[in-house]
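Asker: just the structure for this:
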Amino acid sequence: MQFDLVLIGFGVITTETLAKLSIKKKSKKKYKIAIIERDIKNFPGGVAYSLDKSKFGFFNNPLRLSTDDFKKWFIDMDNRLKFIRFINKNPRYELTKWYLKNQKNLISNNNKDLSELYLPRLIYSFFLEDKIKSFLHGKIYPNIDLHIFKAEAVSIIKKKDYAIILKNNLIKYKINKKFEKLSLVKEKIIKIKKIKTQKITIGIGVLPPEEIATKSTGKNKNYIWDFYSEGGTQNLIKKIYSLKKSLLSIVFIGNKAGLLETCQKLEQIIKTKKINIKIISISKSSVFLQKANLSKNYKNFNLKYLNLKYLNKISKAEDIKFLLIKEFDYCLKKKLNKYDAWTKILKENILGKFYNKLNHEQKKKYNSFIFPDIRNLTRFTYPDTVISKENIQKSKNLSFLKDKVIFMLSKNKKILITTLKNKKLYADIVINVSGPLKITKSSTKFKLINSLKEISHNYNDRGFFSKNDFSISNNIYAPGTLSNNFNPSRLTIIKAITKNSIKVAKKISKRVNK
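Answerer: Numbers count the residues shown, from 1 in each chain. I've put the predicted structure just below:
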């Protein structure tokens, strides 16, 4: 089975790439595209934004930091009303409290009232669905022969073209357009475990964490290795209720976004369900995500160090980090919040401008060594999740251990955890949110990455070194987090991968239309 383009995953990257393709009809032969997605429930939105996987999740940033397309879509009152109807008809998503809190702004005709809203992540699936509808009804669609398959790509082999090796046979689906909401309908099983293609775009999202558990722990239903893919907070809640205990011990390996996402729901369960949940978060780092709170006088704040005056003086990657730290210190001296400075930096795309002043070698240094530090310094998030974390801490239901988990074992229906400092803990449930697997490490559960490393030998811990068009090898594109230079400007992740996907779509279109 031969295709011109295969898109792996059906989330933001694939949707945005499709939406921006421009294939001119030069002959009767159509441009053959295949989308392969391992879990059809991820349509549309992928793991991060689908209705199935992102329940209880919120954006880390307010609406004003989202893409222009999404802001325009959300400002349209019809789209907001459609989402409000969804909330009212689907109480199982538990968004009524959020809706009532923000009702005044949601039905306001003043766009300024919307800019500071922190939206549930699943709303993005509605937006992406409309993009898919536009693609299906657009002029480009007649030039494309689109195939959608349920399949898991386990490796890519480079020959004359590329061969994608699949875990199981292909299951073909078609998009059902009869109803208001799009859905995928199963058509047939195709007994093929390999497809060939000229070009590949990879949109598999953030990699799961490193494997720590033994085989026995991996089979334990109360060990969550890949938090988001396995259902996020919703999956954790099911496990809590299934244990039917009044006293529970939960261990999080990691202390950042994954932990915070669960805190609102965990606080609610502890208060209302009379379940005493003792939570321990184990992490090497004591750095937490900070509240994204603006000061009342933030509009009066002007950048002192990360401004155009210093722009022409930048020559080294570490200069950017140094000036950022000075900017934050200056902000605090003014009795303002760091987030005030960060808001100005994002608004004016300061990091992008400074990054573009660096030469090639300094850009590589920035992406590999400086950017991770800048990311840790600038991780701000939805304040309500941080408040819930603080409340659980005050009630002594949450504590933190600065250490590293090195071994786990299932024992007597519990999970035994051993740390680097030789501490031993027993837990009813363990959630691994320690951050994505380092590309340099091999993983038996992620053979696809191992095969990409055989094709592109240019990578480090943080990802593959990609070109300006986000190709990590000839005709393989990775506009998301697999590329270590996917977001040097520290835009929101969704904004960065959207921008990068559009660039990939334009590059593919240009090559096809030659």
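Asker: can you list the weak-confidence ranges in the stretch 151-300 of the chain?
Answerer: Along the stretch 151-300 of the chain, no part satisfies pLDDT under 70.
Asker: show me where it has strands.
Answerer: 153-158, 162-166, 170-176, 183-190, 194-202, 223-224, 247-253, 276-283, 290-291 (DSSP state E, counting those that start in this stretch).
Asker: between the longest helix seen in the chain and strand 194-202, how many degrees?
Answerer: The longest helix of the chain (DSSP state H) is helix 493-512. Inter-element angle recorded for helix 493-512 and strand 194-202: 120 degrees (by axes from the mean of the first three to the mean of the last three C-alpha atoms, to 10 degrees).
Asker: enumerate every residue touching the nearest residue to Asn460 once chain neighbours are set aside.
Answerer: In this structure, Asn460 finds its nearest non-sequential neighbour in Ser368, 5.5 Å apart by C-beta to C-beta, 6 or more residues apart in numbering. For glycine as for every other residue, the C-beta is placed from the backbone atoms N, C-alpha and C. Ser368 makes contacts with Asn460, Arg462, Asn484, as judged by C-beta atoms under 8 Å, 6 or more residues apart in numbering.
Asker: Leu260 touches Asp384, doesn't it?
Answerer: No - counting by C-beta atoms under 8 Å, Leu260 stays clear of Asp384, with 9.8 Å between them.
Asker: between those two, which is the more surrounded one?
Answerer: Shown here are Leu260 and Asp384; by other C-beta atoms under 10 Å, Leu260 has more neighbours (22 against 16).
Asker: around the closest residue to Lys274 other than its chain neighbours, how many other residues sit close by?
Answerer: Nearest non-adjacent residue to Lys274, counting by C-beta to C-beta, 6+ apart: Ser246, 6.8 Å away. Residues lying near Ser246 (other C-beta under 10 Å) number 10.
Asker: who are the contact partners of Ser246?
Answerer: Lys274, Ile275, Asn276.
Asker: break the chain into its domains for me.
Answerer: Following the assignment in automatic domain parsing, the chain carries domains at 60-120, 215-289+381-432, 290-378.
Asker: need these in CSV (columns: distance to Ile189).
Answerer: Below are these laid out as CSV (distance: least, C-beta to C-beta, whole Å):
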stretch, distance to Ile189
domain 60-120, 32
domain 215-289+381-432, 24
domain 290-378, 43
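Asker: which among those domains is found nearest to Leu128?
Answerer: Among those, the nearest to Leu128 by C-beta to C-beta is domain 60-120 (9.4 Å).
Asker: tell me how far the ends of the closest one are from each other?
Answerer: 10 Å (C-alpha to C-alpha, to the nearest Å).
Asker: same thing with stretch 194-209?
Answerer: With C-alpha to C-alpha, one end of stretch 194-209 sits 27 Å from the other.
Asker: next one: Ile212 from Asp319, what distance?
Answerer: Distance, Ile212 to Asp319, by C-beta to C-beta, to the nearest Å: 37 Å.
Asker: mind checking the pLDDT average for stretch 75-90?
Answerer: Averaging pLDDT along stretch 75-90 yields 96.
Asker: going forward, count from 150.
Answerer: Sounds good: first residue 150 from here, last item stretch 224-239.
Asker: identify all contacting residues around it.
Answerer: Residues contacting stretch 224-239 (C-beta under 8 Å, 6+ apart): 222-223, 242, 244-245, 248, 255-256, 258, 260, 263, 272, 275-276, 279.
Asker: rerun at 7 Å
Answerer: Trp222, Phe223, Leu244, Thr245, Tyr248, Leu255, Asn260, Leu263, Ile272, Phe275 (C-beta atoms under 7 Å, 6 or more residues apart in numbering).
Asker: quick one: which two of these are the most distant?
Answerer: Across the contacts of stretch 224-239 (C-beta to C-beta), the longest gap, 24.4 Å, separates Thr245 and Asn260.
Asker: now the nearest residue to Cys480 once chain neighbours are set aside: which helix or strand?
Answerer: Distance criterion C-beta to C-beta, 6+ apart; nearest residue to Cys480, sequence neighbours excluded, is Ala490 at 4.3 Å. Using DSSP states H and E, the element containing Ala490 is helix 487-496.
Asker: can you map out the helices along the stretch 550-663 of the chain?
Answerer: 596-604, 642-661 (DSSP state H, counting those that start in this stretch).
Asker: still on that earlier bit, report the buried members of the contacts of Ser395.
Answerer: Ile424 (16 or more other C-beta atoms under 10 Å).
Asker: and the contacts of Ser395, which is closest to Gly158?
Answerer: Ile424 (36.1 Å).
Asker: tell me the phi and psi of the closest one?
Answerer: The phi/psi pair for Ile424 (degrees, to the nearest 10) reads phi -110, psi 120.
Asker: surely it is in contact with Leu415?
Answerer: No - counting by C-beta atoms under 7 Å, Ile424 does not reach Leu415; the two are 9.6 Å apart.
Asker: report the contact partners of Lys220.
Answerer: Applying C-beta under 7 Å, 6+ apart, the residues near Lys220 are Leu212.
Asker: let me fix that: Met557
Answerer: Contacts of Met557 (C-beta under 7 Å, 6+ apart): Ile361, Ala362, Thr363, Thr366, Ile564, Leu565, Ile566, Val579.
Asker: likewise for Ile580?
Answerer: Here Ile580 is in contact with Ile373, Phe376, Leu385, Phe401, Gly407 (criterion: C-beta under 7 Å, 6+ apart).
Asker: can you pull the contacts of the third one?
Answerer: Okay, so that is Leu385. Ile373, Thr411, Ile580.
Asker: all strands of the stretch 500-649 of the chain, in order?
Answerer: 529-530, 547-551, 554-560, 563-568, 573-576, 578-581, 608-609, 612-613, 620-622, 625-626.
Asker: what does the second one contact?
Answerer: Same thing as strand 547-551. Under C-beta under 7 Å, 6+ apart, the answer for strand 547-551 is Asn404, Ile428, Ile429, Ser430, Ile431, Ser432, Lys433, Ser435, Lys538, Ile541.
Asker: which residues does the last one contact?
Answerer: The reference is to Ile541. Per C-beta under 7 Å, 6+ apart, neighbours of Ile541: Cys412, Leu415, Glu416, Ile419, Ile428, Leu547.
Asker: now swap in Phe518 and tell me
Answerer: So Phe518 contacts nothing (C-beta under 7 Å, 6+ apart).
Asker: ok, it to Ser632 distance?
Answerer: Taking C-beta to C-beta, one finds Phe518 at 16 Å from Ser632.
Asker: Lys246 now?
Answerer: On the measure of C-beta to C-beta, Lys246 and Ser632 end up 38 Å apart.
Asker: the more surrounded of these two?
Answerer: Counting neighbours by other C-beta under 10 Å for Lys246 and for Ser632 shows that Ser632 has the greater number, 24 against 10.
Asker: setting aside sequence neighbours, what's the nearest residue to that one?
Answerer: Ser615 (4.0 Å).
Asker: model confidence for that neighbour, exactly?
Answerer: 95.
Asker: residue contacts, it?
Answerer: Ile621, Ala627, Ser632, Asn634.
Asker: I figured the second one was touching Phe614, is that so?
Answerer: No - taking contacts as C-beta under 7 Å, Ala627 lies outside contact range of Phe614: 10.5 Å.
Asker: same drill for those two, tell me which one is more crowded.
Answerer: Neighbour totals were compared for Ala627 and Phe614, and Ala627 leads with 27 against 17 (other C-beta under 10 Å).
Asker: can I get the strands of the stretch 300-449 of the chain in TSV with distance to Tyr459?
Answerer: Converted to TSV, those look like this (distance: least, C-beta to C-beta, whole Å):
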stretch	distance to Tyr459
strand 302-307	43
strand 311-315	45
strand 319-325	51
strand 332-339	51
strand 343-351	37
strand 372-373	45
strand 396-402	40
strand 425-432	34
strand 439-440	24
